[in-house]
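A.B. asks: What shape does this take:
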Amino acid sequence: MYQLACNMAKGNKRKLSTLSVDEFLTSAFDSGSQSGSDEEETGEGSRKKTRVRKKVKDGKGKKTLQPKTQEERKEKPKGAAQEHKEQLSRLKEKDPEFFKFLAENDKKLLNFDDTDSSDDDGENQLHVLPGELEVDSNEEEEEEEKETAPKSKKGRDLIPITIRMVDSWRDAAEAKLTYKLFHDIVMAFKAAVSTTKGDDDGHLGKYKVEDSSVFNALVSFCIQDLLPALQKVLQLKPDGKKRLLLPSSSSQWQKVRQDVSVYLAGLIQLLSSLTEVSVVSAVLRHMNDLVPYYLCFPKHSRILLKQVVMQWSTGEETVRVLAFLILNKISRDKQDVYLNLVLKQMYVAYVKNCKFTSPNVLPMINFMQRSLTEMYALDHQATYQHAFIYIRQLAIHLRNAMTLKKKETYQSVYNWQFVHCLFLWCRLLSTVYPNDVLEPLIYPLTQVIIGCIKLLPTARYYPLRLHCVRALTLLSDCTNTFIPVMPFLLEIFQQMDFNKKPGRMSVRPINFAVVLKLSNANLQEKAYRDGLIEQLYDLTLEYLHTQAHTIGFPELVLPVTIQLKTFLKECKVANYCKQIRQLLEKVQENSSFITKRRQRATFGVVDKVAVASWEKAVKEEVSPLQKYYSSWKKLREKEIILEITGKERLEDLHFPEIKRRKLQESKEKDKKEFRDLFDSDSSSDDESCGFKSKGASKKSDEDIVKDLSDMDSEDAGEDDDDHLSFEDDSDDEDKMSVKPSRAVAKMSHSELEVLAEGDEDVVEDLEFSDED
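C.D. replies: Got it, this is the predicted structure:
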């Protein structure tokens with residue numbers, strides 16, 4: 001057994017089929033030890049490889065390593081490469097023709113180098129390093145690509161656009177717009193728009209814009225002249241239908257589609273960066289013409305709608321109107337795709353931009369209400385879903401405020417956003433009436449408004465109550481729905497004490513249209529009570545006007561008549577009583593008119609059709625209260641216009657500053673000025689009376705009269721604290737009959753005293769003509 005193992009160790013190998021079990025086990029142990037030694041050698045070789053690679057990575061700047069010496073290569077055992085070379089040499093002897101064919105067609109195969117490849121079996125073979133090693137790292141290649149790519153883009157020269165180029169493009173486009181010319185114009189426009197965002201040159205294409213004049217010329221050319229030329233290329237002809245003609249129906253559309261997409265995206269980017277109103281208006285007009293093109297690109301359409309909604313809610317008046325035209329145009333043509341999206345975005349923008357209300361902002365809020373109402377009127381089914389959700393939201397806020405009774409919950413209801421939302425839905429339901437889909441929303445909306453009034457029924461929130469009453473009046477009038485509004489107005493007559501003396505004087509009147517609540521200081525002002533009486537008068541007249549033709553008007557105004565008579569008995573302010581008495585007379589007159597007409601009726605109360613026809617006839621005949629309301633409405637509108645214009649005029653006028661002197665200072669000045677006039681005791685007509693001859697005196701008679709009138713005005717100023725006099729000097733001159741060219745006649749002392757006293761001062765109010 002030992003001898004057999006020795007023979008196997010010496011290399012006398014035998015076939016496995018001739019081996020016994022003991023021989024096989026012995027040979028297996030030897031082969032295992034041999035393979036273990038091989039693994040150790042290969043392990044050392046792999047460790048050498050890792051050391052080499054680490055040296056290459058640590059070198060960073062060194063990409064070559066010194067190869068091993070030839071002696072080390074010779075020591076390596078020969079592998080499959082040398083055997084393959086020997087096979088080729090034997091092939092030359094066995095098949096010289098095939099070897100010749102290989103020599104002619106594949107010399108690399110014959111010139112085989114055994115150092116270029118390794119043994120397939122991998123036994124006792126190590127990796128042979130070439131003459132130079134190249135670093136093969138993906139990370140370094142990516143870094144080099146990132147470094148070299150921008151340099152290559154920036155390195156290439158971009159063509160600067162000049163005004164001459166723009167003019168040449170305009171002339172060529174007017175003659176005939178080719179596809180290449182259109183592509184160049186779009187690339188130039190893209191480069192111009194990119195300057196507004198500060199993009200890098202790598203995204204501009206082949207053009208760049210360096211001058212503002214070139215930018216203006218290029219943008220104006222694209223906005224004014226590019227679309228007509230493009231229409232000629234696409235050969236679009238309107239078919240007379242109401243729907244928009246999409247350019248995608250043209251046979252030439254695919255050739256310009258990509259460039260049109262770039263151009264439309266550039267317009268949206270340009271719109272988002274503009275601030276000048278005139279430029280924004282021009283771009284929006286151009287976009288309105290390009291709506292059919294935007295509809296061919298759904299992605300661009302969504303981005304456009306977002307930008308246009310922003311302009312509709314925050315821009316100037318002209319910009320808002322143009323933005324609304326675009327929104328309406330897109331929504332009408334693609335209702336199923338964009339209408340819900342547009343309605344949601346417009347409502348959210350409306351709520352965001354009505355947080356603060358002022359006289360300047362109020363017209364814009366009213367415009368948003370009316371335009372949004374028009375958009376909701378396009379699809380009643382979609383509108384019902386939106387209105388139901390948002391009215392329910394308002395009701396939830398009101399319920400939280402009523403249950404929690406905290407300051408935060410009260411503020412979530414008593415704010416401008418909540419009030420303007422109520423006005424919006426009242427205006428919507430009033431506009432689309434009669435409508436079976438939206439009519440069920442009238443009742444819940446009315447309940448929300450009444451709950452808002454009853455939440456905090458204090459004097460500080462009277463302005464908010466008046467806003468809610470106005471919304472209910474609008475809803476009741478337009479929807480032919482009876483809503484009990486008068487109790488909320490009569491409650492103010494009961495709670496408010498108009499006879500109480502005001503605690504402070506106000507500088508200016510209170511504008512109830514832009515006020516929700518008042519401070520404690522405002523409640524003490526006289527202007528607050530004056531404005532409150534006017535508001536009660538206006539709202540009572542407006543609501544009773546809506547019910548003036550109804551058959552139950554006498555019963556409706558009975559509580560009103562009682563409350564107004566009680567007010568007239570208790571109130572001692574003449575101005576307040578005058579307005580309320582006039583209102584009471586008109587209400588009683590209309591009540592007697594309805595009573596007389598009702599007495600001649602031949603139908604019963606149950607007959608609703610006859611009642612409706614009777615009310616329609618009375619409304620066409622025009623009742624006394626309706627006549628008075630129409631005339632009052634015209635006067636009221638004129639007053640509002642004059643009030644607005646008057647404020648503007650007063651801001652432009654520069655009134656002189658009134659300087660008030662103290663009483664003692666004014667007396668001392670008067671004594672010093674007229675000491676010579678009143679201290680003289682002589683009654684003679686000598687020159688000591690203060691008047692000199694023509695040659696000695698430099699003062700004219702007009703100056704003397706002027707001094708005397710100034711003295712009188714100063715005396716009057718001591719009583720009135722104001723020393724402004726608006727008298728005509730020419731009248732004094734006519735009365736005195738003094739000629740300025742001659743010397744003054746001598747006057748006695750008593751005549752001088754009478755002259756010094758003068759006439760009584762006449763104080764007139766300032767009046768402004770319409771020309772001011």
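A.B. asks: which residues sit in contact with residue 519?
C.D. replies: Applying CB atoms under 8 Å, 6 or more residues apart in numbering to residue 519 gives the contacts residue 460. C-beta coordinates here come from the backbone N, C-alpha and C atoms, glycine included.
A.B. asks: Any figure for the gap between it and residue 470?
C.D. replies: 22 Å (CB to CB, to the nearest Å).
A.B. asks: Please apply the same query to residue 213.
C.D. replies: Applying CB to CB to residue 213 and residue 470 gives a distance of 53 Å.
A.B. asks: Also residue 183?
C.D. replies: Distance from residue 183 to residue 470, counting by CB to CB: 58 Å.
A.B. asks: Now do the helices in the stretch 201-350 of the chain.
C.D. replies: 212-221, 227-234, 253-273, 277-289, 291-294, 298-314, 317-333, 340-352 (DSSP state H, counting those that start in this stretch).
A.B. asks: elements contacting the shortest one?
C.D. replies: Spelled out, it's helix 291-294. Using 3 or more CB pairs under 8 Å, 6 or more residues apart in numbering; DSSP states H and E, the elements in contact with helix 291-294 are helix 253-273, helix 298-314, helix 317-333.
A.B. asks: shaky segments in the chain?
C.D. replies: Applying pLDDT under 70 to the chain flags residues 1-81, 106-156, 198-204, 238-242, 507, 643-772.
A.B. asks: more neighbours, residue 183 and residue 470?
C.D. replies: More crowded of residue 183 and residue 470, by other CB atoms under 10 Å: residue 470, with 19 against 16.
A.B. asks: How about that one: what's its closest non-neighbour residue?
C.D. replies: Excluding its sequence neighbours, the residue lying closest to residue 470 (CB to CB, 6 or more residues apart in numbering) is residue 539, at 6.5 Å.
A.B. asks: what does the helix or strand harbouring that neighbour rub up against?
C.D. replies: Assigned by DSSP states H and E, residue 539 belongs to helix 526-546. Helix 526-546 is contacted from outside by 462, 466, 469-470, 473, 476-477, 485-486, 489, 492-493, 496, 498, 502, 505-506, 508-510, 512, 518, 522, 556-557, 560, 575-576, 579-580, 583, 586-587, 590, 625-626, 629, 632, 636, using CB under 8 Å, 6+ apart.
A.B. asks: out of those, which are inside helices?
C.D. replies: 462, 466, 469-470, 473, 476-477, 486, 489, 492-493, 522, 556, 560, 575-576, 579-580, 583, 586-587, 590, 625-626, 629, 632, 636 (DSSP state H).
A.B. asks: circling back to that earlier point, pull out the buried members of the contacts of helix 526-546.
C.D. replies: By neighbour count, with 16 or more other CB atoms under 10 Å, those hold 462, 466, 469-470, 473, 476-477, 485-486, 489, 492-493, 496, 498, 506, 510, 512, 518, 522, 556-557, 560, 576, 580, 583, 586-587, 590, 625-626, 629, 632 as buried.
A.B. asks: returning to that earlier point: export the helices of the stretch 201-350 of the chain to JSON lines and tack on mean neighbour count and distance to residue 206?
C.D. replies: Below are the helices of the stretch 201-350 of the chain laid out as JSON lines (neighbours: other CB atoms under 10 Å; distance: least, CB to CB, whole Å):
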{"stretch": "helix 212-221", "mean neighbour count": "17", "distance to residue 206": "15"}
{"stretch": "helix 227-234", "mean neighbour count": "17", "distance to residue 206": "21"}
{"stretch": "helix 253-273", "mean neighbour count": "18", "distance to residue 206": "13"}
{"stretch": "helix 277-289", "mean neighbour count": "18", "distance to residue 206": "25"}
{"stretch": "helix 291-294", "mean neighbour count": "21", "distance to residue 206": "24"}
{"stretch": "helix 298-314", "mean neighbour count": "19", "distance to residue 206": "24"}
{"stretch": "helix 317-333", "mean neighbour count": "19", "distance to residue 206": "32"}
{"stretch": "helix 340-352", "mean neighbour count": "18", "distance to residue 206": "37"}
